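**Student:** sequence and predicted structure, then a few things I'm wondering about:
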Amino acid sequence: MAWTWFHRLASPPHLYAFAARATPWLGWPATLLILGGLYGGLVLAPPDYQQGDDFRIIYVHAPSAWMSLMVYVTMASAAAIALIWRMKVAHAVAASCAPIGASFTLAALVTGSLWGRKMWGTYWEWDPRLTSELILLFLYIGYMALRSAIEELQRADRASALLAIVGVVNVPIIHYSVIWWNSLHQAPSVMKLAKPAMPASMLAPLLMMLAGFTLLFGALLLVRVRAEVLRRERSAGWIRAALAG
Amino acid sequence: MSTFFYMGGYAAFVWPSYALTLAIVLLNVLWARRALARARVEARRRLASQAGAP
């Protein structure tokens, strides 16, 4: 049962139709969660007792940083599935992830830098967390550059998939950098097993933003995958069906 | 209202952070839609050229 569902998604026409139907179911909840999270974060949450209102940067910084990692893991997983099972649509999924991930990695770096200016007294420091996040941005950019440098699609798919998979070692380095090394960056305050180090009025908007960004990624990915699948398709029959829908 | 925009003296750091992140969210929506629109135009052109071929 589960496998027939999986195989149907692996077929481009089914994936295209499924993505078209599923997009609003992710896009609208994402919009509502982000709007709610913004209101909660900017208006309802009290100022931090140490950081004042500067801490509100967390509501855009943490979701962006979360996106940068989640998108990379999705991209590398799709690349691995594509290489192992020779599944073409998985290459389309991996290729669709890169621009989304790159842009949110940039957001995470810049918002972190703005937050660091007052809290650490510097916009930038060659700190383990900051440096490994910057390497993540370079991985995304390298992935996109590699794809656009190789003319033949199949070779571009395979080469970029390898790069994505090798680069995944950077993900645990980013996550654990604040624990392994003596970093300026604070340790996780939400994603830990014990109770989060935040009152509910501060935590709720953050969770809404994290959920909203995650759903937004889903919606963006579905739209991009449709574009990528359509671009790769040569069979006239289903292109006609896709364009009609 | 003005105290809201003042952000306890951190306005110069809080507002650019929000502006940049929301711009990137909106740009991502725009870019994704544009990618799909372009792929559809290109697919339509490919169909037309296939139909035109003998």
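**Tutor:** Received, thanks.
**Student:** let me see the ranges of the helices in the chain.
**Tutor:** You didn't pick a chain, so chain A it is. Assigned by DSSP state H, the helices in chain A fall at A:2-10, A:12-39, A:58-85, A:88-119, A:128-149, A:153-167, A:170-180, A:200-232, A:236-244.
**Student:** not quite, go with chain B.
**Tutor:** B:2-6, B:11-52.
**Student:** could you say what helices and strands the last one packs with?
**Tutor:** Taking 3 or more Cβ pairs under 8 Å, 6 or more residues apart in numbering or on different chains; DSSP states H and E as the contact definition, the neighbouring helices and strands of helix B:11-52 are helix A:58-85, helix A:88-119, helix A:200-232, helix A:236-244. Yep, even glycine has a C-beta here, placed from its N, CA and C like the rest.
**Student:** mean neighbour count, distance to A:Leu162 and mean pLDDT added to the ones you listed, as TSV?
**Tutor:** Formatted as TSV, the helices and strands packed on helix B:11-52 follow (neighbours: other Cβ atoms under 10 Å in any protein chain shown; distance: least, Cβ to Cβ, whole Å; pLDDT from 0 to 100):
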stretch	mean neighbour count	distance to A:Leu162	mean pLDDT
helix A:58-85	22	7	97
helix A:88-119	23	11	95
helix A:200-232	21	19	95
helix A:236-244	14	30	80
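**Student:** between those helices, which one is nearest to A:Ser177?
**Tutor:** Between A:Ser177 and those, the tightest spacing by Cβ to Cβ is seen for helix A:58-85, at 11.8 Å.
**Student:** what about the closest one, near chain B?
**Tutor:** Yes. Under the criterion of Cβ under 8 Å from any Cβ of the partner chain, chain B is reached by helix A:58-85 at A:Val60, A:His61, A:Pro63, A:Ser64.
**Student:** list the residues that contact the third one.
**Tutor:** Read it as A:Pro63. A:Pro63 makes contact with A:Gly37, A:Leu206, A:Met209, A:Leu210, A:Gly212, A:Phe213, B:Thr21, according to Cβ atoms under 8 Å, 6 or more residues apart in numbering or on different chains.
**Student:** the last one too?
**Tutor:** Under the criterion of Cβ under 8 Å, 6+ apart, the neighbours of A:Ser64 are A:Phe104, A:Thr105, A:Ala107, A:Ala108, A:Thr111, A:Phe213, B:Thr21, B:Ile24.
**Student:** quick test: name the residue nearest the centre of chain B.
**Tutor:** B:Leu27 (2.0 Å; Cα atoms, centre = their mean).
**Student:** in this structure B:Phe13 contacts A:Met119, no?
**Tutor:** No. At 9.3 Å, B:Phe13 does not count as touching A:Met119 under the criterion of Cβ atoms under 8 Å.
**Student:** overlap in contacts, those two.
**Tutor:** With Cβ under 8 Å, 6+ apart as the test, B:Phe13 and A:Met119 both reach A:Asp54.
**Student:** what ranges in chain B fall below the confidence cut-off?
**Tutor:** B:52-54 (pLDDT under 70).
**Student:** of all the helices of chain B, which lies closest to A:Ile84?
**Tutor:** helix B:11-52 (26.7 Å).
**Student:** taking helix A:236-244 as reference, get the angle to the closest one.
**Tutor:** With axes from the mean of the first three to the mean of the last three Cα atoms, to 10 degrees applied, the angle from helix B:11-52 to helix A:236-244 works out at 130 degrees.
**Student:** now do helix B:11-52: distance to the chain's middle.
**Tutor:** From the chain centre to the centre of helix B:11-52 is a distance of 5 Å (Cα atoms, centre = their mean, to the nearest Å).
**Student:** angle of it against helix A:58-85?
**Tutor:** Using the same axes, to 10 degrees, helix B:11-52 lies at 30 degrees relative to helix A:58-85.
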